[in-house]
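S.K.: Show me the folded form of this:
(2 chains)
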Amino acid sequence: NAGVMQNPRHLVRRRGQEARLRCSPMKGHSHVYWYRQLPEEGLKFMVYLQKENIIDESGMPKERFSAEFPKEGPSILRIQQVVRGDSAAYFCASSPGATDTQYFGPGTRLTVL
Amino acid sequence: AQTVTQSQPEMSVQEAETVTLSCTYDTSENNYYLFWYKQPPSRQMILVIRQEAYKQQNATENRFSVNFQKAAKSFSLKISDSQLGDTAMYFCAFIRSGGGADGLTFGKGTHLIIQP
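M.R.: Down below sits the predicted model:
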């Protein structure tokens, strides 16, 4: 049973470019969460999605950030016009239900030059 | 809003010793779940242990156990017979029950170093 998959593992972008981060949840999991981890910090919740629906995006910046979890395919976190402050590790987690344990992917480390 | 506080930025113990990591939280919720996650140098987040707030019995997973004090809003992690592979960042996390909205709230972490 494969775990949560994230790709790419490392992503380098120049200021102003777009970053697309992908997350494939564990088999049987329909709940996906995205978190951001800045250096020397804990993880901060960004957005919670179920298939085709955004349930809670209260932790996501209002501008430049968007997330989706289509009926088919992985969940995507999209960051438009990246800035240096977006440099961080972005983690995806999945769970079979809303209050079930969340299992994390290996993360995508985004570096903005 | 919930907050999670880990007051020990770093701890260091000798191999085979027992170590306790502390965590306190603040919430007005009555039903919730608490977790300890481990993040080794690989950066992968690994679940260590989970506690349901409605359960009085403290959770145990092999060498890992918790001391859950609901009234005091305290949730400490005890690692017995510590091993070199336990060296990692340890994060305490909270999620309220009833929908999972807001996701997990994490503390800032404790860097645990196991010395040979």
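S.K.: Can you tell me which residues in chain A are near chain B?
M.R.: Applying C-beta under 8 Å from any C-beta of the partner chain, we find that chain A lies next to chain B at A:31, A:33, A:35, A:41-46, A:48, A:55-56, A:58-59, A:89, A:91, A:93, A:95, A:97-99, A:101-104, A:106-107, A:109. Where C-beta positions appear, they are placed from N, C-alpha and C, glycine not excepted.
S.K.: ok now do the residue positioned nearest the centre of chain A, which residues does it touch?
M.R.: With distances taken as C-alpha atoms, centre = their mean, residue A:34 lies nearest the centre of chain A, 3.8 Å away. Counting by C-beta atoms under 8 Å, 6 or more residues apart in numbering or on different chains, residue A:34 touches A:23, A:45-47, A:49, A:60, A:67, A:75, A:77, A:90-92.
S.K.: how about the residues you listed in a markdown table, adding neighbour count?
M.R.: Putting the contacts of residue A:34 into a markdown table (neighbours: other C-beta atoms under 10 Å in any protein chain shown) gives the following:
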| residue | neighbour count |
| --- | --- |
| A:23 | 25 |
| A:45 | 23 |
| A:46 | 22 |
| A:47 | 23 |
| A:49 | 25 |
| A:60 | 19 |
| A:67 | 22 |
| A:75 | 22 |
| A:77 | 26 |
| A:90 | 23 |
| A:91 | 27 |
| A:92 | 28 |
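S.K.: Out of those residues, which comes closest to residue B:89?
M.R.: residue A:91 (13.1 Å; C-beta to C-beta).
S.K.: Quickly find the element holding that closest one.
M.R.: Assigned by DSSP states H and E, residue A:91 belongs to strand A:88-95.
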